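**Q** model this:
(chains A and B)
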Number of protein chains: 2
Amino acid sequence: VLAGLEVAAALLAEEVAHERSLAVAFFTNEEGVRFAPDMMGSLVYAGGLPLTTALDCIGTDGARLGDELARIGYAGTAPLGIHRPCAFLELHIEQGPVLEAEGKTIGVVDSVQGISWTAYDIKGVSNHAGTTPMHLRRDAGYVAAELICFVRALARRCGGSQVSTVGRVVLEPNLVNVIARRAHLTVDLRNTEANVLRRAEKEVASFVIELAERERVDIASTPLVRLDPVCFDRDLVARVEATAGALGYSSRRMPSGAGHDAQMMARICPTAMIFVPSVAGISHNVREFSRPEHIEAGLQVLADLTLELLNK
Amino acid sequence: VLAGLEVAAALLAEEVAHERSLAVAFFTNEEGVRFAPDMMGSLVYAGGLPLTTALDCIGTDGARLGDELARIGYAGTAPLGIHRPCAFLELHIEQGPVLEAEGKTIGVVDSVQGISWTAYDIKGVSNHAGTTPMHLRRDAGYVAAELICFVRALARRCGGSQVSTVGRVVLEPNLVNVIARRAHLTVDLRNTEANVLRRAEKEVASFVIELAERERVDIASTPLVRLDPVCFDRDLVARVEATAGALGYSSRRMPSGAGHDAQMMARICPTAMIFVPSVAGISHNVREFSRPEHIEAGLQVLADLTLELLNK
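**A** Just a heads-up that it's a prediction; the model follows:
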């Protein structure tokens, strides 16, 4: 950690020669829990959301974002877009288990996954679990299970960065001896490649039609979230990799499965990210932890590459 | 309906010659909703449950069965086992869709399915749906889905009367973008053949072990209900079938998927059941309905065979 801090201190003290200016960015509302969408500040900065729309956003508690920023003294006065960076770098913990599992120190993030969330509402027919023969059932719970297995197999078939998750399932009436009349579930698909993600979405949609017909149930779908994947700057990503290598750190290229401000800044300038390992891949949890030596390594890559970019 | 009633009236008026006596049975607490177990009265009558145990049974509202029977004037005084019938017949609605689907009037019930209920508690690891690669997941929700698909395929593979149902599934934390750390589900297996039911139970148990190992989750199982199948008296079943045929009614042999007092009486005397169609197979529902002409047909079979048995 010290090495990184020393470089930062030296820069601030103008003790290091640099041709370009350095700015440190703190964006409002990256998480988006109280005020949606997430990554709101960087999205506004990059021109993807009008400032007034963002300020008028109403939170889960009924408060207006602009009022709350003024109340806590965070309402800035500088005009938007005053700085258009020649490059943007973001250091982050991985929030996943890949680096730790592979024993790598640095994640060279080359992309951010696109996200597709869809809710499905399956309408079958509730009936007696003992007296209804298998071939006469219209079992919403079974249909949900088959859809879950399909999206899992789909992710394996697509390979690469494709992930798929069914995290939410609710059956009605949800009783041991009653065939479910209804099942609600969500499908979360993510991929760094826009065309593969679209193909995965289409495969799920086709399967749902086939499944509904075969099992004689109705399946209604509702799109919840749809974000295209983001690819980071090829040259800048290569320089992150080279810097990690020059410092002797093991690294691997990887996509980010979570959203970050860098994906919004990628709209206006060459952007890349540096990941460091998360212990056990745990995140958004009080047990979230990254080892000091890994944080130091990440800061060192950030500092060295920043110095290079300042004089490129 | 009249024909059946006329026969009954004629019997009661001693206008029909008969060598044996006729008794009409009304058993206490067939449903078992307030006081468990169900089919309690017939179970006590057949010697499967001590009378005092049954009378001391505490209901869902805290009341004691014996006290409640006394309170409503239903506490009888006749000693148990005073009548040991030479045969027992029960007429019932099917409570399922088979007779209607096949256009049959009379169900010749040759058996009652054995029931096996097991609860499964699957412990996986909760994680981020975006940042956790497929091969590093320990997804309790996916494991639940695979188990649901397995028991469905198992029922198809076993064939015959085998049915399997997963009517209850609960995921934790049950969120769109979080891999489930836990899944609770129940498996309901039923078959008229004891050895097939046992084999089905063993297949599920083996699969659960294999699945837990493959998906690196813990699966704990808890047995909930286990009742062996009951086979009705071969000769009496054949006589139900012959009587229906002699009356010109279409019929088919079938098991009962639900429990009935007849299955308890089968412990002490030759027993059989007659089913009539349930419209749309709906039961335990305000929409439960059987057509008068079907009820009449069922009563006619019951009456004719009863007359025969009285003089056999």
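**Q** ranges for the helices of the stretch 201-312 of chain A?
**A** For the stretch 201-312 of chain A, helices defined by DSSP state H, counting those that start in this stretch occupy the ranges A:234-246, A:261-265, A:292-310.
**Q** contacting residues around the shortest one?
**A** Judged by Cβ atoms under 8 Å, 6 or more residues apart in numbering or on different chains, the contacts made with helix A:261-265 from elsewhere in the structure are A:25, A:27, A:30, A:39, A:41-43, A:45-46, A:48, A:85, A:88-90, A:109, A:112, A:230, A:232, A:256, A:271-273. All C-beta atoms are positioned from the backbone trio N, CA, C, and that covers glycine.
**Q** out of the helices of the stretch 201-312 of chain A, deepest packed?
**A** Compared across the helices of the stretch 201-312 of chain A, helix A:261-265 shows the largest average neighbour count, a mean of 25 (mean count of other Cβ atoms under 10 Å in any protein chain shown).
**Q** check contacts around the closest residue to A:G141 other than its chain neighbours.
**A** Counting by Cβ to Cβ, 6 or more residues apart in numbering or on different chains, A:A180 is the residue found nearest to A:G141 once chain neighbours are left out, at 3.5 Å. Remark: with contacts taken as Cβ under 8 Å, 6+ apart, A:A180 is in contact with A:124, A:126, A:139-142, A:144, A:171-174, B:167.
**Q** what's the ChimeraX line that selects buried ones from those?
**A** Buried members of the contacts of A:A180, defined by 16 or more other Cβ atoms under 10 Å in any protein chain shown, are picked up in ChimeraX with:
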select /A:124,126,139,140,141,142,144,171,172,174 /B:167
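**Q** among the contacts of A:A180, name the ones in helices.
**A** Counting by DSSP state H, the part of the contacts of A:A180 found in helices is A:140-142, A:144.
**Q** returning to what we had before: nearest to B:R152 among the contacts of A:A180?
**A** A:Y142 (5.5 Å; Cβ to Cβ).
**Q** so the closest one sits right up against B:L147, yeah?
**A** No: between A:Y142 and B:L147 no contact is recorded; they are 11.4 Å apart, counting by Cβ atoms under 8 Å.
**Q** and A:R226, bridged to which residues?
**A** When bridges are assigned using DSSP bridges, the partners listed for A:R226 are A:S116.
**Q** repeat that for A:L89.
**A** According to DSSP bridges, A:A272 are recorded as the beta-bridge partners of A:L89.
**Q** can you tell me which of the contacts of helix A:261-265 are buried?
**A** Buried among the contacts of helix A:261-265 (16+ other Cβ under 10 Å): A:27, A:30, A:39, A:41-43, A:45-46, A:85, A:88-90, A:109, A:112, A:230, A:232, A:256, A:271-273.
**Q** what about the residue in the stretch 151-300 of chain A positioned nearest to chain B, neighbour count?
**A** Sorted by distance to chain B under Cβ to the nearest Cβ, the residues of the stretch 151-300 of chain A start with A:G257, at 3.1 Å. A:G257: 23 surrounding residues under other Cβ atoms under 10 Å in any protein chain shown.
**Q** contact partners for it?
**A** The neighbours of A:G257, taking Cβ under 8 Å, 6+ apart as the test, are A:95-96, A:113, A:161, A:163, A:190, B:128-132.
**Q** between the ones in helices among the contacts of A:A180, which is nearest A:E293?
**A** Set against A:E293, the nearest of the ones in helices among the contacts of A:A180 by Cβ to Cβ is A:A144 (44.8 Å).
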